[in-house]
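S.K.: After the sequence you'll find the predicted model.
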Amino acid sequence: MGSKTLKSLLMATSILATAGFAHAADTELTIESWRTDDLAIWQEKLIPAFEAKNPGIKVKFAPTPPTEYDAALGARFDAGSAGDIITCRPFDKSLEQFKRGNLASLTDLPGMKNFSDVAKAAWTTDDGKDAFCVPMASVIHGFIYNKDAFDKLGIAIPTTEAEFFAALDKIKADGTYIPMAMGTKDLWEAATMGYQNIGPTYWKGEEGRAKLIKGEEKLTDAPWVEPYKVLLKWKDYLGDGFEAQTYPDSQNLFTLGRAAIYPAGSWEIGLFNTQAQFKMGAFPPPVKNAGDACYISDHNDIGAGLNAKSKHPEEAKKFLDWVASPEFADIYANALPGFFSLNSTPVKMQDPLAQEFVSWREKCKPTIRSTYQILSRGTPNLENETWVESANVINGTDTPEAAAKKLQDGLDSWYKPAK
Amino acid sequence: MSTVEQASADRGNDKRPWRWYILVFLTPALLVYTAVMILPLIETLRLSLFNVKDGQSVFVGLDNFAVLFGDPRWAASFWNALKNNFIFFFIHMVVQNPIGVALAALLSVPKLRFGAFYRTALFLPTLLSFVIVGFIWKLILSPIWGVSPFLLDLIGLKSLFSPWLGKPGSALIAVSLISVWQYVGIPMMLIYAAMLNIPDEVLEAAECDGVTGWSQFWKIKLPLILPSIGIISILTFVGNFNAFDLVYTVQGALAGPDGATDILGTLLYRTFFGFQLQIGDKSMGATIATVMFLIILSGVCLYLFAIQRRMRRYQF
């Protein structure tokens, strides 16, 4: 690059940079986030939509890479230089910031009534009194399947556990496809896509999760061991060498059309839509017996909070109220298929796969991942242990009962349920 | 050797003025070393004696160590990591170092053609980043896209293949061998240099006495390179007990499956920095780091006082 081009480029950037300060009279709000991928969506869709309705408020989206976000945000809070709007991680990380007084309470924000208690659970104090972040998006678990393969083999969408395994048997007998694309190498696949995906059906979602936290149920009880027994049966339907199959391997096996069923999180939708050359469909975790109530893992992932030391709290609250509105939900959820709005007003999704996932909310009861709230605060960490034990069960290293016992023993060693 | 002795003899004889420039030369290195090595080490040792109680850092004496060795869970993960670390070290000692010596012996054969090429090719993996090495080997050993199942299939031995990195019984061995592949260049180079140092007269004299071939290697060369092998062993020991990077890139921070590849380095990482929902515990992390330091220190001391002093050196 010639020095002249470089110079003109530098000039151009400096002019552009100063252009940002042109409206000095306006209030500028800065959003802290780890979602660097979403920069374009914020700049092109969300921020213009907000600014058009709220003249006098300018919004700047300033993301930090995900791995640096927590540390960088902590440093900025300490230095008093954090942005006005804080993108919240779910559960303890944000709770800690709230306890330190870095995040303001949003319990009185009018828009908060647009969310259910489950939706707010990730950003509410343990006693349920204070909410401190507006829920923005969640991810839903289920199964994505290769529609072409299902049509070819004449398989109907399974709704019960028996149908599910019958379908897997049929795919296996045919031999064209690997029945299910999942590996245990990265451990978390087995826990997140396996245990937390099908588990809520057995422990009855929120009901079981609440009992576990209260100490009324234990991980060694039948509802918590049964998902492991089902996972053990999955073993026969996974690809060759699944013990060393990584998460990207599983994704590629499915999008290349070599596997028929993919235990999924909805965040895959965007990637799968661009990569898979075949038609895809999705079904929720099968219930045990026909007619049983179905449960899905609808896990809170992203929220938005208010910096307690913000210089423009009124404007920031206005913005957060807009984030809580159905309008925001509509733009956001459609721009990022797979990250679903937690708003009580259903959002009409344009993406058919995303629409399928979100439609389960109407017929199934949502819950969040069982290990995330409260139960992963101590050592050994229940979430990490669940990763290891879920992989162990599928690998045959531990029986379902032994795995459950290890998890419960680990939990008992530090967790005393509130009486 | 002789120049050093002369210098020390000189010092005794005439009284020179105080040589202040020695300080000038030493200070920069000393300052940098103190800042980046000694202070953090002292801070780590200090931190291992403290713990956080009610948000306050308080002195707890050896309580952290009592927890590490006394609590059944901490003790189980610590002993598991230590055991794996010894296996990791053992595989390096019995595979990496003999291969390194053998390669060096082959390279120092005077009539070898393309010697420079082999030397470079064998040393190259050592220069690669562990991230690249880990990633390449993960791909090579992948049961789905890997080269190894494909090659084994070509010669009809597909049945021998198994997903080694994913099985608790073989994962640690596989990771150790990857590390051996990467670092075999270091013993090779050191031994090679030591072998080049053996004077031709010694070898010629041996040949005159009828000691050739294998017996020449065992009786003449090996005793002469023994000090180098000692150094390599201690380097391997220190390197292995500080290892972390390769396991982290190949198996992740949880060092799966079922903690089968968990070594002290990964245990320290998880404890100190936390992982996923687990929040880092600086005090326990420092405790593990201190234990690692003590293990390495005692290993090095054992070598220095028990082995190196008894080692016979030959002067030419």
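M.R.: That came through, no problem.
S.K.: Those residues of chain B touching chain A, which are they?
M.R.: Residues of chain B that fall close to chain A, judged by Cβ under 8 Å from any Cβ of the partner chain: B:73, B:138, B:141-145, B:149, B:161-168, B:252, B:254, B:256-259, B:270, B:275-279, B:281, B:284. C-beta here means a position set from N, CA and C on the backbone, and glycine is covered the same way.
S.K.: which among the residues you listed end up buried?
M.R.: B:138, B:141-144, B:149, B:161-168, B:252, B:254, B:256-259, B:270, B:275, B:277-279, B:281, B:284 (16 or more other Cβ atoms under 10 Å in any protein chain shown).
S.K.: From those residues, which land in helices?
M.R.: B:138, B:149, B:270, B:284 (DSSP state H).
S.K.: where's the dip in pLDDT among these?
M.R.: Least confident entry in these, by pLDDT: residue B:149, with 87.
S.K.: Which pLDDT does the model give the nearest residue to residue B:84 once chain neighbours are set aside?
M.R.: Spatial nearest neighbour of residue B:84, chain neighbours left out: residue B:263 (5.2 Å); criterion: Cβ to Cβ, 6 or more residues apart in numbering or on different chains. On pLDDT, residue B:263 comes in at 95.
S.K.: For the stretch 151-300 of chain A, just list every one of the helices.
M.R.: A:161-174, A:188, A:196-203, A:205-214, A:222-234, A:247-255, A:269-275 (DSSP state H, counting those that start in this stretch).
S.K.: contacting residues around the fourth one?
M.R.: Looking back up the chat, that one is helix A:205-214. A:118, A:200, A:202-203, A:217-219, A:223-224, A:295-296, A:365-368, A:370, A:373-375, A:417-418 (Cβ atoms under 8 Å, 6 or more residues apart in numbering or on different chains).
S.K.: now the residues you listed: which count as buried?
M.R.: Using 16+ other Cβ under 10 Å, the buried members of those are A:118, A:200, A:202-203, A:217-219, A:223-224, A:295-296, A:365-368, A:370, A:373-375.
S.K.: Domain parsing of chain A, as residue ranges.
M.R.: Domains of chain A are assigned by automatic domain parsing as A:3-138+A:300-350, A:140-298+A:368-412.
S.K.: and the ones you listed as TSV, adding mean pLDDT?
M.R.: Shown next, in TSV, are the domains of chain A (pLDDT from 0 to 100):
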stretch	mean pLDDT
domain A:3-138+A:300-350	84
domain A:140-298+A:368-412	93
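S.K.: okay, these, which one's buried deepest?
M.R.: domain A:140-298+A:368-412 (a mean of 20; mean count of other Cβ atoms under 10 Å in any protein chain shown).
S.K.: measure it end to end?
M.R.: Between the start and the finish of domain A:140-298+A:368-412 there is a gap of 29 Å, counting by Cα to Cα, to the nearest Å.
S.K.: gap between that domain and the chain center?
M.R.: 15 Å (Cα atoms, centre = their mean, to the nearest Å).
S.K.: Point out where chain B drops to low pLDDT.
M.R.: For chain B, the stretches with pLDDT under 70 are B:1-14, B:315-316.
S.K.: residues in contact with the residue of it at minimum distance from chain A?
M.R.: Closest residue of chain B to chain A, Cβ to the nearest Cβ: residue B:143 (2.3 Å). Going by Cβ under 8 Å, 6+ apart, residue B:143 touches A:239-245, B:149, B:161, B:163.
S.K.: ok so residue A:61 is a helix residue?
M.R.: No. Per DSSP: H, G, I helix; E, B strand; the rest coil, residue A:61 lies outside any helix segment and is strand.
S.K.: returning to what we had before: need the phi and psi values for the closest residue to the residue of chain B closest to chain A other than its chain neighbours.
M.R.: Computed as Cβ to Cβ, 6+ apart, the closest residue to residue B:143 that is not its neighbour in sequence is residue A:241, at 2.3 Å. Per-residue torsions, residue A:241: phi 70, psi 30 (degrees, to the nearest 10).
S.K.: Could you verify my assumption that residue A:241 touches residue B:164?
M.R.: No. Residue A:241 lies out of contact with residue B:164 (Cβ atoms under 8 Å); the separation is 9.2 Å.
S.K.: Can you tell me which residues in the stretch 1-150 of chain A are near chain B?
M.R.: A:91-92.
S.K.: Nearest to chain B: which residue in the stretch 1-150 of chain A?
M.R.: For the stretch 1-150 of chain A, Cβ to the nearest Cβ, closest residue to chain B: residue A:92, 7.2 Å.
S.K.: That residue and residue B:276 touch, don't they?
M.R.: No. Between residue A:92 and residue B:276 there is no contact under Cβ under 8 Å: 11.2 Å.
S.K.: list the contacts for the closest residue to residue A:363 other than its chain neighbours?
M.R.: Of all residues not flanking residue A:363 in the chain, residue A:294 sits nearest, at 6.5 Å (Cβ to Cβ, 6+ apart). By Cβ under 8 Å, 6+ apart, residue A:294 lies in contact with A:201, A:284-285, A:287, A:360, A:363-365.
S.K.: Fine by me, thanks again.
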